[in-house]
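Enquirer: Structure for this input, please:
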Amino acid sequence: MIKLLHRLGRALTNLGKKMGLKTQLVLTQYAEANLPTVFGDFVTTVYRDQNQEESAILISYNLAPDSCPFVRVHSECFTGEVLGSLKCDCRDQLNLALAEIQKRGSGAIIYLRQEGRGIGLGNKIRAYHLQNQGADTIEANHQLGFETDLRSFEAAALILKQRGIKEVILNTNNPDKIQALTDLGIVIRERVPSLAAVNKFNEDYLKTKMKKLGHQLNGLFH
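Expert: Below you'll find the predicted structure:
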């Protein structure tokens, strides 16, 4: 019965999205534990939404309420983080943020399960196929019938507010992420860039993000 209700909830949510209806996100802390990593010790907290999807994870170190911590809001990237793909900078950005948190002595990563700017892993691989034929990362999404970026950062704002955090030092190159979090009530006190290494496989991707999406990557290209 519980599984049936969860499936019904997901079906209603998907129907609402198709009809253009806004569904209010509800997040509940489901599990938490200390986790030693190659970067240092972190507290890992898993959140579930109203459909019991584990859509957000908080990876934190010495995170205190009413503080202004270093925070990265990071979207899942299976191809980069698991397979070590050279086509993007996602794994490098995640690793740089984990190291920076330990260096600073506190901070957090809010890890959101929205692969491929929200189109999912399967469609991301389809987009890669189109990129191999000459499309850039944005053109490929459009050719598949998707908008440029389907991600939402509502979960990140909710988690920060639940933790009593109203302002952050945000680790990002993305002006849209800054605007989204600001619109959701989070004050961005400072932006810290996330500049990964450029290689022959990700150079065009990074330049596309800079030129078409306004990502602040001038430090990588001269």
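Enquirer: Confirm residue 161 sits in a helix?
Expert: Yes: applying DSSP: H, G, I helix; E, B strand; the rest coil, one finds residue 161 inside a helix.
Enquirer: residue contacts, it?
Expert: Residues near residue 161 by CB atoms under 8 Å, 6 or more residues apart in numbering: 185-186. Yep, even glycine has a C-beta here, placed from its N, CA and C like the rest.
Enquirer: quick one, phi psi at the residue nearest to the spatial centre of the chain?
Expert: The chain has residue 75 as the residue nearest its centroid, 2.2 Å off, counting by CA atoms, centre = their mean. Per-residue torsions, residue 75: phi -90, psi 140 (degrees, to the nearest 10).
Enquirer: That one is in contact with residue 112, isn't it?
Expert: Yes: Residue 75 lies in contact with residue 112 (CB atoms under 8 Å); the separation is 5.1 Å.
Enquirer: just to revisit the earlier point, where does the residue nearest to the centre of the chain land on pLDDT?
Expert: pLDDT, residue 75: 98.
Enquirer: just for the chain, where's the confidence low?
Expert: Low-confidence segments of the chain (pLDDT under 70): 1-22, 222.
Enquirer: Could you count how many residues lie near residue 211?
Expert: 13 (other CB atoms under 10 Å).
Enquirer: Wait, a helix at it?
Expert: Yes: secondary structure of residue 211 (three-state DSSP): part of a helix.
Enquirer: now the strands for the protein?
Expert: 27-36, 41-49, 56-61, 70-75, 107-112, 167-171, 187-192 (DSSP state E).
Enquirer: that older thread, spit out the residues that contact residue 75 and residue 112 alike.
Expert: residue 151.
Enquirer: Tell me how far residue 72 lies from residue 207.
Expert: 22 Å (CB to CB, to the nearest Å).
Enquirer: Distance from stretch 195-203 to the middle of the chain?
Expert: 19 Å (CA atoms, centre = their mean, to the nearest Å).
Enquirer: And stretch 107-127, by the same measure?
Expert: Using CA atoms, centre = their mean, the offset of stretch 107-127 from its chain centre is 7 Å.
Enquirer: could you dump that stretch to PDB, C-alpha only?
Expert: Output of stretch 107-127 as PDB, limited to C-alpha atoms (Å, rounded to 0.1, in the frame of the first residue of the first chain):
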ATOM      1  CA  GLY A 107      31.000  24.500   5.000                       C
ATOM      2  CA  ALA A 108      28.700  22.300   3.000                       C
ATOM      3  CA  ILE A 109      27.800  20.900  -0.300                       C
ATOM      4  CA  ILE A 110      24.200  20.500  -1.200                       C
ATOM      5  CA  TYR A 111      24.100  17.600  -3.800                       C
ATOM      6  CA  LEU A 112      21.000  17.600  -5.900                       C
ATOM      7  CA  ARG A 113      19.900  14.600  -8.000                       C
ATOM      8  CA  GLN A 114      19.300  16.400 -11.300                       C
ATOM      9  CA  GLU A 115      21.600  14.800 -13.800                       C
ATOM     10  CA  GLY A 116      22.300  16.600 -17.100                       C
ATOM     11  CA  ARG A 117      20.800  20.000 -16.100                       C
ATOM     12  CA  GLY A 118      17.600  18.200 -15.200                       C
ATOM     13  CA  ILE A 119      17.000  16.000 -18.200                       C
ATOM     14  CA  GLY A 120      18.200  12.700 -16.600                       C
ATOM     15  CA  LEU A 121      21.100  10.300 -17.400                       C
ATOM     16  CA  GLY A 122      19.500   8.600 -20.500                       C
ATOM     17  CA  ASN A 123      18.700  11.900 -22.200                       C
ATOM     18  CA  LYS A 124      22.100  13.200 -21.200                       C
ATOM     19  CA  ILE A 125      23.800  10.400 -23.100                       C
ATOM     20  CA  ARG A 126      21.500  11.100 -26.100                       C
ATOM     21  CA  ALA A 127      22.600  14.700 -25.900                       C
END
